[in-house]
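A.B. asks: Fold the following and give me the result.
(one chain, ligands or ions: 1)
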Amino acid sequence: MSANNAFHIAVLAGDGIGPEVMTPAIEVLRKIETKSDLRFRFTEAPAGANNYLATGKSMPDSTIKLCEEADAILLGACGLPSVRYPDNTEIAPQIELRFIFDLYAGVRPARLIPGVPSPIVGADKRGIDLVVIRESTEGLFASMGKGVVTHEDARETMVITRRTSERLFDFSFRLAERRKARGKPGALACVDKANVFKAFAFFRGIFDEIAKKHPDVKTDRLYVDACSAMLVKRPWDFDVMVMENMFGDIVSDITASLIGGLGMAPSADIGDKYAVFQPCHGTAPDIMGQGKANPTGMILSAAMMLDWLADKHGVESAAEAGEQIESAVDQVYAAGLKPIEFGGTNGTADITRAVLSAL
Ligand SMILES: NC(=O)c1ccc[n+]([C@@H]2O[C@H](COP(=O)([O-])OP(=O)(O)OC[C@H]3O[C@@H](n4cnc5c(N)ncnc54)[C@H](O)[C@@H]3O)[C@@H](O)[C@H]2O)c1
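C.D. replies: Numbering: from 1, shown residues only. Okay, the predicted model is just below:
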């Protein structure tokens, strides 16, 4: 779009509860328009398992073109366990987009919102406010669609490159520095398995090189197994963590559970030029169509999108709008909202209504 406060957003609602959580996020952004100078044009496009059933493709070329032209991409969730390619893997355009648009930094914040129950004893008092950065274009996922399976064995190859690792660590150190400037610890831990695999020793070596450029950021190096144990014992000790794709896939689901559940966790897949914003969760076929989906992660992903647009285009009001959404969400949970997801009675409509009215 032309004016620098007007943004064209590609909307890929996807499958299952994807469209159910996307509608509230769009309503929240429409509300933001009434309170700010920001303007949005939303263009919806198909992607996912249902599109595959209808057309034989995970997404049409027109969806990719739209994503290329838009200022940012909002994605619900894609895939259904019952819909598979002939090799028995699932339809996953959300992963294809990361490769197509070189979205190497998967940013997965986990902040325990006051009033939301955490399964970790003491978290209500100590708080949880950390970020997992999941490399999103290589690692074990570089093998997606390329694994070799015979009757006797199956092989998948992990790839870690210097170019992507350097950009990933630069991004991670910058994020740690930004958090430090906002009063958070601003520490960065490299999480790997460098005690066993040469590829991870290589990954850690590049981390050490990049760390020298950022002496103000406190660094740590952890093995993923020990890190996982520490996360469920003392999550408040963590600030920013950076790791390979498969490790990040798993660890970010753990951290989402620490803050109430998958429905609470936002995420962003960020590259040098493009970015996709989507909740951490999948399409939740077990609850789809029942009005039970928690849209908080999707709404907070929209807030992350505004923060990214603000940074990219120098539009201060977009950053303010992102903060307004976050504080509206904080307000409704402090007031006692309790999603069905963690034992309460509030479904998608209640949560949406509450956030809209807090805004
Ligand atoms: N980014 C994505 O698009 C993405 C991510 C993960 C899984 N998937 C796909 O989603 C499908 C289901 O996968 P899964 O069951 O492993 O993971 P899932 O995240 O869809 O669901 C796991 C559990 O969490 C619950 N849950 C998830 N989101 C919720 C929400 N917003 N509100 C309330 N409860 C919620 C579900 O009901 C389920 O019990 C699969 O086809 C998978 O491939 C897609």
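A.B. asks: Now do the strands in this protein.
C.D. replies: With DSSP state E, the ranges of strands along the chain come out as 6-14, 39-44, 72-77, 105-111, 129-135, 148-149, 154-155, 187-192, 218-223, 240-243, 266-270, 275-279.
A.B. asks: List just the one of those strands that sits closest to the ligand.
C.D. replies: Between the ligand and the strands of the chain, the tightest spacing by C-beta to the nearest ligand atom is seen for strand 72-77, at 3.7 Å. All C-beta spots, glycine's among them, are computed from the backbone N, C-alpha and C.
A.B. asks: next one: that closest one to chain centre, how far?
C.D. replies: 10 Å (C-alpha atoms, centre = their mean, to the nearest Å).
A.B. asks: Quick check: closest non-adjacent residue to the residue in the stretch 251-359 of the chain that the ligand sits nearest to.
C.D. replies: Here the residue of the stretch 251-359 of the chain nearest the ligand is Gly282; by C-beta to the nearest ligand atom that distance is 2.4 Å. Leaving aside its sequence neighbours, Gly282 sits nearest to Ala77 (C-beta to C-beta, 6 or more residues apart in numbering; 5.0 Å).
A.B. asks: okay, now the domains of the protein?
C.D. replies: The chain breaks down into these domains under automatic domain parsing: 1-105+265-359, 118-259.
A.B. asks: Which among these is found nearest to Arg111?
C.D. replies: domain 118-259 (4.7 Å; C-beta to C-beta).
A.B. asks: anything in the closest one near the ligand?
C.D. replies: No - shown here: domain 118-259 not in contact with the ligand (C-beta under 6 Å from any ligand atom), separated by at least 7.9 Å.
A.B. asks: deepest of the domains of the chain, which one?
C.D. replies: Most buried of those by mean neighbour count (mean count of other C-beta atoms under 10 Å) is domain 1-105+265-359; its value is a mean of 19.
A.B. asks: chain center to it, what's the gap?
C.D. replies: 10 Å.
A.B. asks: Quick one: mean pLDDT for that domain?
C.D. replies: In this model, domain 1-105+265-359 has a mean pLDDT of 96.
A.B. asks: repeat for stretch 147-160
C.D. replies: When pLDDT is averaged along stretch 147-160, the result is 96.
A.B. asks: Contacts for it next, please.
C.D. replies: Residues from elsewhere that reach stretch 147-160 (C-beta atoms under 8 Å, 6 or more residues apart in numbering): 87, 138-140, 142-143, 146, 199-200, 202-203, 244, 246.
A.B. asks: what residues does the stretch 251-359 of the chain put near the ligand?
C.D. replies: Residues of the stretch 251-359 of the chain found near the ligand, taking C-beta under 6 Å from any ligand atom as the criterion, are 262-263, 278, 281-287, 293-294, 341.
A.B. asks: farthest pair in those residues?
C.D. replies: Within those, two members stand farthest from each other by C-beta to C-beta: Gln278 and Asp286, at 19.2 Å.
A.B. asks: can you give me the helices in the protein?
C.D. replies: Assigned by DSSP state H, the helices in the chain fall at 18-35, 49-55, 61-69, 93-100, 123-126, 162-181, 198-211, 224-233, 245-258, 296-313, 316-334, 348-358.
A.B. asks: And for the first one, what's in contact with it?
C.D. replies: When contacts are taken as C-beta under 8 Å, 6+ apart, the neighbours of helix 18-35 outside the stretch itself are 9, 11, 13-14, 38-40, 42, 48, 74-78, 263, 279, 283, 288-289, 291, 293-295, 297-299, 301-302, 306, 321, 324-325, 348, 351-352, 355-356, 359.
A.B. asks: how far off strand 72-77 does that helix point, in degrees?
C.D. replies: 140 degrees (axes from the mean of the first three to the mean of the last three C-alpha atoms, to 10 degrees).
A.B. asks: The fourth one now?
C.D. replies: Here the directions of helix 93-100 and strand 72-77 differ by 150 degrees (the same axes, to 10 degrees).
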